[in-house]
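Chemist: here are the coordinates; sequence isn't available:
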């Protein structure tokens, strides 16, 4: 039969009534309508076939195909209607799982998200029912429905922020925590289906933990004085760091597991070398492997990015501590003591944490065999962070020397006038010298420590030029100042 015989198929079907030959003729009319890409005619034929022969073994497929033909015509509304009718006409067909999924896609595309979630849930429920009855449960579209449903839940989850007042903030934390557990469970269940979504779902488990850590770090802090705010923010960042660790573990373990899985699917093939020897084209990478390695590489990059973010959280805490206001009414010497305690007991431990996070980033990148932008940033940050601490000590050394120099003039005048404040000036000058020497020594030790840390982290020598310059300039200036004061 050729295309010109198409009208004959309708005629034969009408002449034969409800006979088997009429059914065959109408079926053929559908086939040739499709071959002619006459989608409107194919829709009419298939509707007529299903209407006349609802019990036919072909009725299921022909009715389902109507939706596909509407899609060919970009008629999404009628395609969606067919999917809905199909589930009612053929409730025991495994394709009902797909029809509910397609309807979910339709409503999601129209941003009717509540209805989309409902349709995805129906797809999963239908699949579960088939599985319980030991029938084909169409696991592929069940997995797709679960994945899209979990993605929709993630959208709402990502919108939850931790904002004041405190009652609202606490409620948001609880709501987001519960949503996190539900979303991680959803993506984990997707991986159990073993479809191509396995790789993306594994990645999104890490992404979900990362989102919670970011939200925690960005939470609002009540209006308090500067000192209490700095302490509160430091505590928030410490907890966020712990939360980031959960994200980091998910990304890393996910990447390693996916590599093993991908390798188990990839069978070594000598055909590549054979093709090259014959100057022939080699086979392209399997689509599944392309998808797998895309998400594996993204997971690896995320390991580096999260470690960098952890270091940056601590860097924020360091900057806040460095800007901490001194208590009021401190003497000039007491102010130096305050800064010394602040740097040695609070700032320096944070610098150690920052450095370790960046070094860990470099080590993890080496272990995962990746070159990451974040790894290079970490190398720069190791130098910059340690230099910042050294600069603070150097600044205090200069300030305490300046105090000594100023006091020296006052001391000379007090001696000439036989002023009773001589002892006070002596005491302050002595303390200023002691602080200056201590600060200068610590500054130089910190610069040297920076160079040692750089060596461990394989930082290029040219990246340390500024550190060398700062250290030598400070050493020269400090020694010259001490020498000049010693001659007074």
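Modeler: Yep, that arrived. Note that the coordinates shown come from a computational prediction; the quantities given were computed from them, not determined experimentally.
Chemist: quick one, what contacts the residue lying closest to residue 113 once chain neighbours are set aside?
Modeler: Excluding its sequence neighbours, the residue lying closest to residue 113 (CB to CB, 6 or more residues apart in numbering) is residue 152, at 5.9 Å. Quick note: C-beta positions are derived from backbone N, CA and C, even for glycine. The contact partners of residue 152, taken as CB atoms under 8 Å, 6 or more residues apart in numbering, are 108, 113, 116, 117, 120.
Chemist: just residue 262 next, same as before
Modeler: By CB under 8 Å, 6+ apart, residue 262 lies in contact with 289, 292, 293, 296.
Chemist: can you show me the helices along the stretch 51-200 of the chain?
Modeler: 59-72, 76-89, 95-109, 113-132, 139-159, 166-192, 197-217 (DSSP state H, counting those that start in this stretch).
Chemist: please produce a markdown table containing those, extended by mean pLDDT and distance to residue 374.
Modeler: Formatted as a markdown table, these follow (pLDDT from 0 to 100; distance: least, CB to CB, whole Å):
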| stretch | mean pLDDT | distance to residue 374 |
| --- | --- | --- |
| helix 59-72 | 93 | 43 |
| helix 76-89 | 93 | 42 |
| helix 95-109 | 96 | 33 |
| helix 113-132 | 97 | 34 |
| helix 139-159 | 97 | 22 |
| helix 166-192 | 97 | 24 |
| helix 197-217 | 96 | 14 |
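Chemist: export those helices as CSV, with columns for distance to residue 407.
Modeler: Output for those, formatted as CSV (distance: least, CB to CB, whole Å):
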stretch, distance to residue 407
helix 59-72, 87
helix 76-89, 84
helix 95-109, 74
helix 113-132, 71
helix 139-159, 59
helix 166-192, 49
helix 197-217, 45
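Chemist: just the contacts of residue 262: which are in helices?
Modeler: 289, 292, 293, 296 (DSSP state H).
Chemist: helix, strand or coil for residue 236?
Modeler: helix (DSSP: H, G, I helix; E, B strand; the rest coil).
Chemist: for residue 458, that is, sorry about that
Modeler: When classified by three-state DSSP, residue 458 comes out as coil.
Chemist: from residue 389, how far out is it?
Modeler: Distance, residue 458 to residue 389, by CB to CB, to the nearest Å: 21 Å.
Chemist: next: residue 102.
Modeler: Residue 102 is 60 Å from residue 389, by CB to CB.
Chemist: please name the nearest non-neighbouring residue to residue 433.
Modeler: In space, residue 433 is closest to residue 404, 5.6 Å off (CB to CB, 6+ apart).
Chemist: same question, residue 364
Modeler: Nearest to residue 364 is residue 303, by CB to CB, 6+ apart, at 5.5 Å.
Chemist: now do the same contact list for the one you found.
Modeler: Residue 303 is in contact with 248, 251, 252, 255, 364, 365, 368, counting by CB under 8 Å, 6+ apart.
Chemist: turn those residues into TSV, including distance to residue 158, pLDDT and secondary structure.
Modeler: Below are those laid out as TSV (distance: CB to CB, whole Å; pLDDT from 0 to 100; DSSP: H, G, I helix; E, B strand; the rest coil):
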residue	distance to residue 158	pLDDT	secondary structure
248	19	95	helix
251	17	95	helix
252	22	93	helix
255	22	90	helix
364	26	94	helix
365	27	94	helix
368	27	92	helix
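Chemist: just the buried residues of those.
Modeler: 248, 251, 252, 255, 364, 365, 368 (16 or more other CB atoms under 10 Å).
Chemist: tell me the one of those residues nearest residue 31?
Modeler: Ranked by distance to residue 31 (CB to CB), those are led by residue 255 at 48.4 Å.
Chemist: thought the closest one was touching residue 296?
Modeler: Yes - using CB atoms under 8 Å, residue 255 is in contact with residue 296, at 5.6 Å.
Chemist: follow-up on the earlier one: pick out the lowest-pLDDT one from the ones in helices among the contacts of residue 262.
Modeler: Minimum pLDDT for these is recorded at residue 289 (81).
Chemist: shaky segments in this protein?
Modeler: Under the criterion pLDDT under 70, the flagged ranges of the chain are 1-19, 265-286, 420, 482-488.
Chemist: find the residue at the geometric middle of it.
Modeler: residue 207 (4.3 Å; CA atoms, centre = their mean).
Chemist: can you tell me how far that residue is from residue 451?
Modeler: Counting by CB to CB - residue 207 and residue 451 are separated by 38 Å.
Chemist: same deal with residue 383?
Modeler: Taking CB to CB, one finds residue 383 at 9 Å from residue 451.
Chemist: just name the closest of the contacts of residue 262 to residue 162, please.
Modeler: Set against residue 162, the nearest of the contacts of residue 262 by CB to CB is residue 296 (32.2 Å).
Chemist: any idea how far residue 366 is from that closest one?
Modeler: From residue 296 across to residue 366, the span is 17 Å (CB to CB).
Chemist: and these two? Which one has more around it.
Modeler: residue 296 (23 against 12; other CB atoms under 10 Å).
Chemist: which non-adjacent residue is nearest residue 429?
Modeler: Spatial nearest neighbour of residue 429, excluding adjacent residues (CB to CB, 6+ apart): residue 407 at 4.7 Å.
Chemist: wait, what's in contact with the one you found?
Modeler: Taking CB under 8 Å, 6+ apart, we find residue 407 in contact with 425, 428, 429, 432.
Chemist: element containing it?
Modeler: helix 373-416 (DSSP states H and E).
Chemist: now residue 48
Modeler: Secondary structure (DSSP H and E) places residue 48 in helix 39-52.
Chemist: how about that helix: buried residues?
Modeler: Buried residues in helix 39-52, counting neighbours by 16+ other CB under 10 Å, are found at 39, 41, 42, 43, 44, 45, 46, 48, 49, 50.
Chemist: just checking, the second one touches residue 35?
Modeler: No - taking contact to mean CB under 8 Å, the distance of 11.1 Å between residue 41 and residue 35 leaves them out of contact.
Chemist: wait, isn't residue 104 in contact with residue 120?
Modeler: Yes - using CB under 8 Å as the test, residue 104 is close enough to residue 120 to be in contact (4.1 Å).
Chemist: show me the common contact partners of these two, please.
Modeler: Residues touching both residue 104 and residue 120 by CB under 8 Å, 6+ apart: 145, 148, 149.
Chemist: contact partners for the last one?
Modeler: In other words, residue 149. Contacts of residue 149 by CB under 8 Å, 6+ apart are 104, 117, 120, 121, 124, 186.
Chemist: would you list these in TSV and tack on neighbour count and distance to residue 340?
Modeler: Shown next, in TSV, are the contacts of residue 149 (neighbours: other CB atoms under 10 Å; distance: CB to CB, whole Å):
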residue	neighbour count	distance to residue 340
104	27	63
117	18	59
120	27	61
121	15	62
124	21	63
186	21	52
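Chemist: would JSON lines of those residues with distance to residue 316 be doable?
Modeler: What follows is the contacts of residue 149, written out as JSON lines (distance: CB to CB, whole Å):
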{"residue": "104", "distance to residue 316": "41"}
{"residue": "117", "distance to residue 316": "37"}
{"residue": "120", "distance to residue 316": "40"}
{"residue": "121", "distance to residue 316": "41"}
{"residue": "124", "distance to residue 316": "42"}
{"residue": "186", "distance to residue 316": "32"}
